[in-house]
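Visitor: Sequence below, structure please.
(chains A, B, C and D)
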2 protein chains.
Amino acid sequence: MKRISESAVRRLSIYLRFLEEFESRGLTTVSSDELAKRGGTTSAQVRKDLSFFGSFGKRGLGYSVPELLSRLREIMGLGREWRVYIIGAGKIGAALAHYRGFRQRGFTVAGVYDKDPRVIGTRWEGLVVRDIADLERDARDEKPDIAVLTIPPEEAQKVVDDVVRAGVRAILNFAPAQIHVPPEVTLKNVNMAMELEGLSYSLTNSES
Amino acid sequence: MKRISESAVRRLSIYLRFLEEFESRGLTTVSSDELAKRGGTTSAQVRKDLSFFGSFGKRGLGYSVPELLSRLREIMGLGREWRVYIIGAGKIGAALAHYRGFRQRGFTVAGVYDKDPRVIGTRWEGLVVRDIADLERDARDEKPDIAVLTIPPEEAQKVVDDVVRAGVRAILNFAPAQIHVPPEVTLKNVNMAMELEGLSYSLTNSES
DNA sequence: AGTAACTTGTGAACAAATTCACAAGCCCCC
DNA sequence: GGGGGCTTGTGAATTTGTTCACAAGTTACT
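Guide: Okay, here's the model as predicted:
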C-alpha cells in the first residue's frame, strides 16, 4: 500500500469534523466541493484524498454523509478505545483531559504521572496522580497505546525512552524538545513556541 | 523574493533552539551536519534552508554559533516585543502565559478576555480578565500584534472577525474550528483532536 | 427514452520540496 | 607553500504533493 502524506491525514480529520456537523444538521449527502469550501481546499484535493482509500461517492450525487463518516472513522482508527497516559499533571494535560472531543473520539486517560512529590497521590481530573518513577513498570503492565508528554523539556527524552521500552507505540509531545524515537514509534510534536515563532516570522516578513 | 515554505520556517525554529543550547554550552561553531542530526533532518536541508537568507557559513568550518543565532533571530523577527491578546481565560491560555519561552522570545500578554461574567474582573496570571464584548474596541486602541484563541469553537469565527476588523494581523487558534481570515492575516491552527487522530491513524495503519 | 445538470474518480500535467553530488573555499600541519 | 581533510553553497535530479481536465455515471425532468 502506497503511503499517504501526513497533510492528507490532517485533511481527513478536517473532513471528519465537517461530516459530524453535517450529520447533526440532518444532511444526508455532501459533495467534494462543499467539503472543500468548508475545509479551505479544493474539490479535486478532497476527491484525491478519499480515493486513496476507495471510492465512496456516487457520480452526480456526491457522498453519503453517514457512509463517508463511518468509512473515515474506520480509516482513522476511531472505532476503538485508545488508552492514554498523560505524563505531567499540569495545565496542558488538564486541558486535554477536559476536552470534550477527547472522550468523544474514544480516547481515555488511563493514568496521570508527575514527578513532584507534592502532587503525587493527589486527585487530578478524577484520577490519582502516580509517581513518574513507576511509569515504565506500569506501562508494561497496562499497555497504554499513547503517551502524552507535558513535562519540562529536560526530562522528555528519558520519559520517552521509558515508555517506548515498555511498548508504547505513539507519542504526543508538548515539550519544546526534539525527541528521538525508533522508527516503529509515531511521534507528533506540538510546540507552542514554534507556532508563535511562525507568526512572528510572517509578521516580520510580509510585505504583502 | 521567493517564498520560503512553512515547513522550512518550522525548521528554522528548531535550528534556533539548538543554537541556543549550543551557545549556553559555550560552543562557538556548528556544522550543518550537527544541526541536522539533532533536528532530525539532513545537512543538505539545513544548508538549503539557511542559504535562502544568505550565506552565513564558512566552508571547511561550519557556522559561527553567535552569528547564526543573531541572524536567525533577526529573520524570525524575534528582536522585538510582540503584544499578545489571550482570548479565553482557561487552561491552555494559562499554560501559554506560564511558558518560559513565551516571555523569553519577546511575547507579552497584553490582555486576557473571557465571556463568563464570573471570571471577568478577576485576576488571572497577573492580569485582570476583561470582557470579551470590549475586545474589538480595546484592540483598536491597544493594537496587539497577535491574538491567541482558546475559546469554544462556536464563538471562534466571531472573535476572529472582531480582532481582524480591529487590525490584528496574526492569529493562533486552539479552537477546534475551521476559521477563515482574509489573506493578509496569518492564521495558525493548533488542534489537539487532529493530532490525536493522526496518532490513531498511524497506530491503525502501520503494518511495519 | 432522451436530454440537461451534476458530480465523481483518475490519469496526466504541473508545482513544490527534498536529496544528490560536487566544485570551491577554508584550516591545519608538515 | 602544498596537501589532506573538512564543510559550505548550489545547480540538477528526483521525489512528493497538488491541480487540471474530462470521461463516465447518476438523477430529474419532460
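
Visitor: Dihedrals phi and psi, the closest residue to residue A:152 other than its chain neighbours?
Guide: Nearest non-adjacent residue to residue A:152, counting by CB to CB, 6 or more residues apart in numbering or on different chains: residue A:175, 6.7 Å away. In this view, the C-beta of every residue, glycine as well, is placed from N, C-alpha and C. Taking degrees, to the nearest 10, you get phi -80, psi 140 for the backbone angles of residue A:175.

Visitor: Count the neighbours of residue A:175 for me.
Guide: 23 (other CB atoms under 10 Å in any protein chain shown).

Visitor: Verify the stated contact: it with residue A:147.
Guide: No - Residue A:175 is beyond contact range of residue A:147, at 11.6 Å (criterion: CB atoms under 8 Å).

Visitor: so how far is residue B:109 from the residue nearest to residue A:152?
Guide: 22 Å (CB to CB, to the nearest Å).

Visitor: Wait, a strand at residue A:86?
Guide: Yes - assessed with DSSP: H, G, I helix; E, B strand; the rest coil, residue A:86 lies in a strand.

Visitor: quick one: it and residue A:150 touch, right?
Guide: Yes - using CB under 8 Å, residue A:86 is in contact with residue A:150, at 6.8 Å.

Visitor: joint contacts of those two?
Guide: A:93, A:96 (CB atoms under 8 Å, 6 or more residues apart in numbering or on different chains).

Visitor: between the two, who's got more neighbours?
Guide: residue A:86 (29 against 23).

Visitor: ok, the closest residue to the more buried one other than its chain neighbours - how many residues close by?
Guide: Excluding the flanking residues, the one nearest residue A:86 by CB to CB, 6+ apart is residue A:93, at 4.3 Å. Residue A:93 has 26 neighbouring residues, counting by other CB under 10 Å.

Visitor: now for the helix or strand where residue A:93 lies, which elements pack on it?
Guide: Assignment of secondary structure by DSSP states H and E places residue A:93 within helix A:91-98. Secondary-structure packing of helix A:91-98 (3 or more CB pairs under 8 Å, 6 or more residues apart in numbering or on different chains; DSSP states H and E): strand A:82-87, strand A:107-114, helix B:91-98.

Visitor: Tell me which of the ones you listed sits most buried.
Guide: strand A:82-87 (a mean of 25; mean count of other CB atoms under 10 Å in any protein chain shown).

Visitor: what bits of chain A have low per-residue confidence?
Guide: Within chain A, the segments meeting pLDDT under 70 span A:1, A:207-208.

Visitor: which bits of it sit near DNA strand C?
Guide: Residues of chain A lying close to DNA strand C (CB under 7 Å from any atom of the strand) are A:31-33, A:43-44, A:47-48, A:50-51, A:55-63.

Visitor: all helices for chain A, in order.
Guide: A:6-24, A:32-39, A:43-51, A:65-76, A:91-98, A:100-104, A:135-142, A:153-165, A:192-204 (DSSP state H).

Visitor: Distance to residue B:183 for those helices - can I get that in JSON lines?
Guide: Shown next, in JSON lines, are the helices of chain A (distance: least, CB to CB, whole Å):
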{"stretch": "helix A:6-24", "distance to residue B:183": "20"}
{"stretch": "helix A:32-39", "distance to residue B:183": "16"}
{"stretch": "helix A:43-51", "distance to residue B:183": "19"}
{"stretch": "helix A:65-76", "distance to residue B:183": "30"}
{"stretch": "helix A:91-98", "distance to residue B:183": "31"}
{"stretch": "helix A:100-104", "distance to residue B:183": "29"}
{"stretch": "helix A:135-142", "distance to residue B:183": "46"}
{"stretch": "helix A:153-165", "distance to residue B:183": "35"}
{"stretch": "helix A:192-204", "distance to residue B:183": "12"}
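
Visitor: want to throw those into a markdown table with distance to DNA strand D?
Guide: A markdown table is the format used below for the helices of chain A (distance: least, CB to the nearest atom of the strand, whole Å):
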| stretch | distance to DNA strand D |
| --- | --- |
| helix A:6-24 | 4 |
| helix A:32-39 | 9 |
| helix A:43-51 | 4 |
| helix A:65-76 | 13 |
| helix A:91-98 | 27 |
| helix A:100-104 | 24 |
| helix A:135-142 | 31 |
| helix A:153-165 | 24 |
| helix A:192-204 | 18 |
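
Visitor: between those, which one is nearest to residue A:82?
Guide: Nearest to residue A:82, of all these, is helix A:100-104, at 9.9 Å by CB to CB.

Visitor: what sits against residue A:122?
Guide: Residue A:122 touches A:128-129, counting by CB under 8 Å, 6+ apart.

Visitor: Grab the most central residue of chain A for me.
Guide: By CA atoms, centre = their mean, the mean C-alpha position of chain A lies nearest to residue A:172, the distance being 7.3 Å.

Visitor: can you tell me how far it sits from residue B:176?
Guide: In terms of CB to CB, residue A:172 sits 15 Å off from residue B:176.

Visitor: likewise residue A:62?
Guide: From residue A:62 to residue B:176 the distance is 25 Å (CB to CB).

Visitor: Which one's more surrounded, those two?
Guide: In this view residue A:62 and residue B:176 are compared by other CB under 10 Å, and residue B:176 has more residues nearby, 20 against 17.

Visitor: Quick check: that one touching residue B:153?
Guide: Yes - with contact defined as CB under 8 Å, residue B:176 counts as touching residue B:153 (5.3 Å).

Visitor: before we move on, back to that, with adjacent residues omitted, what lies nearest to the residue nearest to the centre of chain A?
Guide: Residue nearest to residue A:172 in three dimensions, not counting chain neighbours: residue A:148, with 4.6 Å by CB to CB, 6+ apart.

Visitor: what does residue A:190 give?
Guide: residue A:174 (5.3 Å).

Visitor: who touches that neighbour in this structure?
Guide: Residue A:174 makes contact with A:88, A:92, A:148-150, A:190-192, according to CB under 8 Å, 6+ apart.

Visitor: Next up, phi/psi of it, please.
Guide: Torsion angles, degrees, to the nearest 10, at residue A:174: phi -100, psi -10.

Visitor: What distance do you get for it to DNA strand C?
Guide: Note on residue A:174: its distance to DNA strand C, by CB to the nearest atom of the strand, to the nearest Å, is 23 Å.

Visitor: With residue A:163 instead?
Guide: Note on residue A:163: its distance to DNA strand C, by CB to the nearest atom of the strand, is 27 Å.
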